[in-house]
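Asker: dropping the sequence and predicted coords here.
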Amino acid sequence: MSKKAKVLIVDDDALNRIVLEKTLSDEHEVFLVKSGDEALTFIKTTQVDLIILDIVMPGMNGYEVLVKLKEDSATQMIPVIFISANSSHDDESKGLELGAMDYITKPFCSSIVRVRVRNQLLIKQKNDLLEMLASIDGLTEIPNRRNLDENLSREWRKSKRNNTPLSVLLMDIDHFKRYNDTYGHRAGDDCLKAVAQALAAQCERGSDFIARYGGEEFAAVLPGVDKAEATGFANKLRNAVNALNIAHKASLNAEHVTISIGVASTENASIETEQALLEEADLGLYAAKEGGRNQVVAR
Ligand SMILES: Nc1nc2c(ncn2[C@@H]2O[C@H](COP(=O)(O)OP(=O)(O)OP(=O)(O)O)[C@@H](O)[C@H]2O)c(=O)[nH]1
């Protein structure tokens with residue numbers, strides 16, 4: 001059975017809240033709050049799939065709440081349905097122009113509310129799926145470069161704001177051209193998949209993030225991790241690939257598939273941008289290749 005969607009109802013009128021809850025709680029998990037402020041606080045800790053928002057409320061009105069939701073990248077994708085006694089075309093068009101997905105006027109018909117909510121949740125589900133597909137690498141099924149860039153930007157800002165360390169790893173399969181040339185491109189694809197899955201399986205902390213960086217390269221973003229710890233983790237990843245023991249008879253440095261890894265950390269004071277962090281990790285990777293491969297070089 002699929003999980004119930006979470007619907008937040010924001011209305012200062014107790015009776016409306018009760019009727020809406022009764023209308024929707026058979027199909028969805030429903031949460032009730034009385035004001036815009038309460039709604040904004042609530043969604044900081046609970047991820048909701050849809051918000052039903054009254055317009056005229058004491059304190060912040062529904063329009064103001066919607067503007068705040070749209071300003072925040074964490075909440076801007078949550079669909080909002082306005083529900084209001086304001087039934088003029090001007091009110092409705094203002095609500096829709098601000099980004100609401102639908103507008104229901106009070107007094108409302110429960111069966112119509114139910115269907116409109118269901119429709120918006122269906123659209124949200126499809127959008128979530130598209131978003132997920134656009135951020136996963138089709139071959140290896142781990143996050144792709146676009147996802148990595150977004151994650152790194154977010155973690156870079158967080159690291160600057162909170163003054164916490166951030167480390168990045170760049171990894172590359174050694175002599176992979178020779179692997180393809182020896183075993184064929186299809187086997188090369190299988191090797192990439194196995195390496196990607198082995199790397200992803202090492203991420204025990206929820207904040208560690210591993211992505212396919214492109215071709216036979218992978219990258220990791222490690223928030224709150226300093227250079228020494230990142231180097232330890234990089235060696236754990238390197239060992240995990242060694243442990244796969246995928247035969248590579250054409251390799252010039254081992255009899256099985258190996259990876260080289262460059263590590264860079266914000267502890268290095270000369271690194272002033274997220275791009276510089278990646279470039280520094282790339283220099284480490286280059287040094288690891290030069291040093292004989294199947295090794296980690298931290299910068
Ligand atoms: N099978 C397969 N091969 C890929 C894919 N993406 C990139 N490659 C191959 O990866 C190889 C990378 O080769 P190079 O950049 O020369 O590096 P390398 O042979 O790994 O040598 P070093 O990095 O110096 O150890 C190329 O032959 C690419 O064709 C892919 O999705 N599937």
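Answerer: Perfect, I can see it now.

Asker: is it true that Asp49 touches Leu122?
Answerer: No - using C-beta atoms under 8 Å, Asp49 is not in contact with Leu122, being 10.7 Å away. Where C-beta positions appear, they are placed from N, C-alpha and C, glycine not excepted.

Asker: who has more neighbours out of these two?
Answerer: Asp49 (20 against 11; other C-beta atoms under 10 Å).

Asker: got a list of what that one touches?
Answerer: Contacts for Asp49 (C-beta atoms under 8 Å, 6 or more residues apart in numbering) come out as Ala5, Lys6, Val7, Ile78, Pro79, Leu121, Lys124.

Asker: just Ser260 next, same as before
Answerer: Met171, Asp172, Asp174, Leu285, Ala288, Lys289, Arg293, Asn294, Gln295, Val296, Val297.

Asker: tell me how far it lies from the ligand.
Answerer: As judged by C-beta to the nearest ligand atom, to the nearest Å, Ser260 and the ligand stand 7 Å apart.

Asker: assumed that residue was part of a helix.
Answerer: No - secondary structure of Ser260 (DSSP: H, G, I helix; E, B strand; the rest coil): strand, not part of a helix.

Asker: bridging residues for it?
Answerer: Asp172 (DSSP bridges).

Asker: can you tell me which of the contacts of Ser260 lies nearest to the ligand?
Answerer: Taking C-beta to the nearest ligand atom as the measure, the ligand sits nearest to Asp174 out of the contacts of Ser260, at 4.2 Å.

Asker: show me where the stretch 51-200 of the chain has strands.
Answerer: In the stretch 51-200 of the chain, strands defined by DSSP state E, counting those that start in this stretch lie at 80-84, 102-105, 166-173, listed in chain order.

Asker: need the ones you listed in TSV (columns: distance to the ligand, mean pLDDT and mean neighbour count).
Answerer: What follows is the strands of the stretch 51-200 of the chain, written out as TSV (distance: least, C-beta to the nearest ligand atom, whole Å; pLDDT from 0 to 100; neighbours: other C-beta atoms under 10 Å):
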stretch	distance to the ligand	mean pLDDT	mean neighbour count
strand 80-84	41	96	23
strand 102-105	43	95	18
strand 166-173	5	98	26
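
Asker: now the helix or strand in which Asn16 is found against strand 80-84, angle please.
Answerer: Here Asn16, judged by DSSP states H and E, is contained in helix 14-24. Taking axes from the mean of the first three to the mean of the last three C-alpha atoms, to 10 degrees, helix 14-24 and strand 80-84 form an angle of 130 degrees between their directions.

Asker: what residues of helix 14-24 count as buried?
Answerer: Neighbour-count burial for helix 14-24, counted by 16 or more other C-beta atoms under 10 Å, picks out Asn16, Arg17, Val19, Leu20, Thr23, Leu24.

Asker: list the contacts of the last one.
Answerer: Okay, so that is Leu24. Val7, Ile9, Val30, Val113, Arg114, Val117.

Asker: repeat that for the fifth one.
Answerer: For Thr23, the contacting residues are Ser110, Val113, Arg114, by C-beta under 8 Å, 6+ apart.

Asker: surely the second one and Thr105 touch.
Answerer: No - at 10.8 Å, Val113 does not count as touching Thr105 under the criterion of C-beta under 8 Å.

Asker: alright, that wraps it up for me.
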